[in-house]
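In: Coordinates for the following, if possible.
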Amino acid sequence: MNGADALIATFVANEVTACFANPGTSEMQFVAALDRNPQMRPVLCLFEGVATGAADGYGRMAERPACTLLHLGPGYGNGAANLHNARRAFTPIVNVIGDHATYHRQYDAPLNSDIATLVKPNSLWAKSVESPDEVAGVAAEAVAASQTPPCGPVALILPADSAWLETRSAPVMAQKPARPAPKGEAVEAAARAIKAAKKPMVLIGGQACRAEGLKEAARLQAAGVQVFADTFVARQPRGAGHYAPRRMQYFGEMALAELEGVDLMVFAGTAQPVAFFAYPNRPSVLVPEGCRTLSLADRAEDAVAGLAALADALGAPKQGPAQPLSKPDAAPSGALSPQLAGISVARHLPEGAIVCDDSVTSGGGIAVPAMTCAPHEVLALTGGAIGAGLPLAVGAAVACPERKVVSLNGDGAAMYTVQSLWTMARENLDVTAVVFANNTYRILNIEMMRTGAGQAGPQAAKLLELGDPAIDWTSLAKGLGLPAVRCDTAEAFEAAFAGAMARRGPMFIEAAI
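Out: Numbers count the residues shown, from 1 in each chain. Okay, here's the model as predicted:
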């Protein structure tokens, strides 16, 4: 066998069995090796940002890495935005980036680039494999590094000759490090501080926002401690039966207004909250003046164990509050809005669904009624780089083929990675993609006023509006292989969404708002 065979064999031995790919010439040995190891599922993506975003969605749901296959430095560069989101989601991903043969690098061919520097910002670990006999060992290192808490993307650079030359290397097993429990002193310090505080709160994120973490956080709420969750969480259960902590507001001044009077902030699975952007004469750190802060469990530690120990130390009840099941009875009617679409989503979303949310300003209209609908999970835009919603859905559907996946997107965001629709069709994924089409970057219109830049004039508006020409979403989706429908009334959206939830397979809905 050759180095490419050794790489795939080691991946498969370590349960890395999905590859989201956009290969080129330097990766052809890897592509050929796929025929010799059918346990690896190859998924073609027509843009590298789809491949990396899909690997993010897969890793969040499978709780183990997928690999990507990217073509040299430019291919990696095309996928960087969704790797930024994956880094902020702490998603394990092994990015395989092809490179020129080791002896060919010196000639600075047109596609040559400094790959090691390109991958550095979004990689917890990076290494180039300089010979085929190193491939299996380095591949195991990569898998282990991606799963070392708090986890994240890594970069394995594969020169073409390391892939094509022969090797006798056997697959190497990776060691997956466990999350350490927080120190007892940290738990004791948090309990003492909470008891002494007038208005304490606990801010949770990451692992603490998973189902088991929410149960322990609910106990704290029952003991009289306010609990907030990070604004955007990689994966969080929602709906009936789950505890719903308050969420940190996106806009900094609103967040500080909600936190008024808080004199202690304890972090579990997250860190000090900061504003997404700087604004004139507004604070960057979202901690009230005079408020004490301390960490119960950092992102690499077992925050669930920390929350459980803290709840025990405070004598909290064994169970806390959970959301009731309460779906809207009546179907909505009238001109379509995010709020009316949200009613339909809450009425028909099936239990166990996965919602991939990149809906930007339309998201609140869905989130509110969904709080008490059938239990489901939400994958959010963790890094702020829009264009994640459609690729996340691809990866989630590959990881969990038995579960319905719903992708909610703003129209501006969806255009970043619209190629995802083709992969949904090709793989026949059970994804319903919804695009809220308001023909504008509405969030930028809001932010322009907030930064003090003023109201957009005719020239500025050219960079904020999407309606000239209007995007023909249904034609676009049909051209990429999906059945598609346009809805501009609540009645039409109700029928389209209910129908999509009642059958398997991909579907596209344009929600004209």
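In: use CA for all of it now, contacts and neighbours both
Out: Fine.
In: Could you list the low-confidence segments of this protein?
Out: Counting by pLDDT under 70, the chain shows no low-confidence range.
In: residue furthest from the geometric center of it?
Out: The C-alpha centroid of the chain is most remote from residue 107, which lies 38.8 Å away (Cα atoms, centre = their mean).
In: quick one: that one and residue 395, what's the gap?
Out: To residue 395, residue 107 is 38 Å away according to Cα to Cα, to the nearest Å.
In: What of residue 388?
Out: In terms of Cα to Cα, residue 388 sits 11 Å off from residue 395.
In: And the helices in the stretch 401-513 of the chain?
Out: 411-416, 420-427, 442-450, 458-461, 473-479, 490-502 (DSSP state H, counting those that start in this stretch).
In: So which of those helices is nearest residue 66?
Out: helix 420-427 (16.3 Å; Cα to Cα).
In: still on that earlier bit, mind checking the backbone torsions on the residue farthest from the centre of the chain?
Out: In terms of degrees, to the nearest 10, the main-chain angles of residue 107 are phi -90, psi 0.
In: check contacts around it.
Out: For residue 107, the contact set (Cα atoms under 8 Å, 6 or more residues apart in numbering) is empty.
In: again with residue 24
Out: Contact partners of residue 24, counting by Cα under 8 Å, 6+ apart, are 70, 71.
In: make it 6 Å
Out: Going by Cα atoms under 6 Å, 6 or more residues apart in numbering, residue 24 touches residue 71.
In: now swap in residue 294 and tell me
Out: Residues in contact with residue 294 (Cα under 6 Å, 6+ apart) are residue 266.
In: Is it bridged to anything, and to what?
Out: For residue 294, the beta-bridge partners are residue 266 (DSSP bridges).
In: and it, how far is that from residue 49?
Out: On the measure of Cα to Cα, residue 294 and residue 49 end up 37 Å apart.
In: Of residue 388 and residue 395, which one has the most company?
Out: Using other Cα atoms under 10 Å, the more surrounded residue of residue 388 and residue 395 is residue 388, with 37 against 31.
In: Report the spatially nearest residue to that one, omitting neighbours in sequence.
Out: residue 53 (5.9 Å; Cα to Cα, 6 or more residues apart in numbering).
In: A helix includes the one you found, no?
Out: Yes. Assessed with DSSP: H, G, I helix; E, B strand; the rest coil, residue 53 lies in a helix.
In: Tell me where the stretch 251-400 of the chain has helices.
Out: Using DSSP H, counting those that start in this stretch, the helices found in the stretch 251-400 of the chain span residues 252-258, 303-313, 338-348, 363-370, 389-399.
In: Which elements pack onto the shortest one?
Out: With contacts defined as 3 or more Cα pairs under 6 Å, 6 or more residues apart in numbering; DSSP states H and E, there are no secondary structure elements packing on helix 252-258.
In: Run a quick neighbour tally on the nearest residue to residue 491 once chain neighbours are set aside.
Out: Sequence neighbours aside, residue 333 is the residue nearest to residue 491 in space, at 5.4 Å (criterion: Cα to Cα, 6+ apart). Close neighbours of residue 333, defined as other Cα under 10 Å, add up to 14.
In: Next: the one 3 residues further on.
Out: Neighbourhood size, residue 336 [other Cα under 10 Å]: 21.
In: i'd like the first residue to be 6 from this point on
Out: Will do, 6 is the new start, and the previous item becomes residue 341.
In: Quick check, it in contact with residue 498.
Out: No. Contact criterion Cα atoms under 6 Å: residue 341 and residue 498 do not qualify, at 7.7 Å.
In: Extract the CA atoms of stretch 380-392 and return them as PDB.
Out: Extracted in PDB, the C-alpha atoms of stretch 380-392 (Å, rounded to 0.1, in the frame of the first residue of the first chain):
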ATOM      1  CA  PRO A 380     -37.600  18.500  21.900                       C
ATOM      2  CA  HIS A 381     -34.800  19.100  19.400                       C
ATOM      3  CA  GLU A 382     -31.300  20.400  19.200                       C
ATOM      4  CA  VAL A 383     -29.900  23.600  17.800                       C
ATOM      5  CA  LEU A 384     -26.500  24.200  16.200                       C
ATOM      6  CA  ALA A 385     -25.700  27.900  16.200                       C
ATOM      7  CA  LEU A 386     -23.300  30.200  14.400                       C
ATOM      8  CA  THR A 387     -20.500  30.300  16.900                       C
ATOM      9  CA  GLY A 388     -17.900  32.400  15.200                       C
ATOM     10  CA  GLY A 389     -20.100  35.100  13.600                       C
ATOM     11  CA  ALA A 390     -18.900  34.200  10.000                       C
ATOM     12  CA  ILE A 391     -22.200  33.800   8.200                       C
ATOM     13  CA  GLY A 392     -22.600  31.100   5.600                       C
END
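In: And the contacts of that stretch?
Out: The contact list for stretch 380-392 (Cα under 6 Å, 6+ apart) reads 90, 93-94, 237-245, 356-362, 418-419, 421-422.
In: List the buried residues of stretch 329-344.
Out: By neighbour count on 16 or more other Cα atoms under 10 Å, the buried set for stretch 329-344 is 329, 331, 332, 333, 337, 341, 342, 343, 344.
In: Chain neighbours aside, what residue packs nearest to the last one?
Out: Same thing as residue 344. residue 370 (4.1 Å).
In: again with the second one
Out: Excluding its sequence neighbours, the residue lying closest to residue 331 (Cα to Cα, 6+ apart) is residue 377, at 5.2 Å.
In: got a list of what that neighbour touches?
Out: Counting by Cα under 6 Å, 6+ apart, residue 377 makes contact with 244, 245, 328, 329, 330, 331.
In: how deep is the second one tucked in, by neighbour count?
Out: In other words, residue 245. 21.
In: before we move on, what SS does it have?
Out: Judged by three-state DSSP, the three-state class of residue 245 is coil.
In: The helix or strand residue 103 falls within pairs with which strands, and in what direction?
Out: In this assignment (DSSP states H and E), residue 103 forms part of strand 98-104. Here strand 98-104 is paired, per DSSP bridges, with strand 71-75 (parallel), strand 158-164 (parallel).
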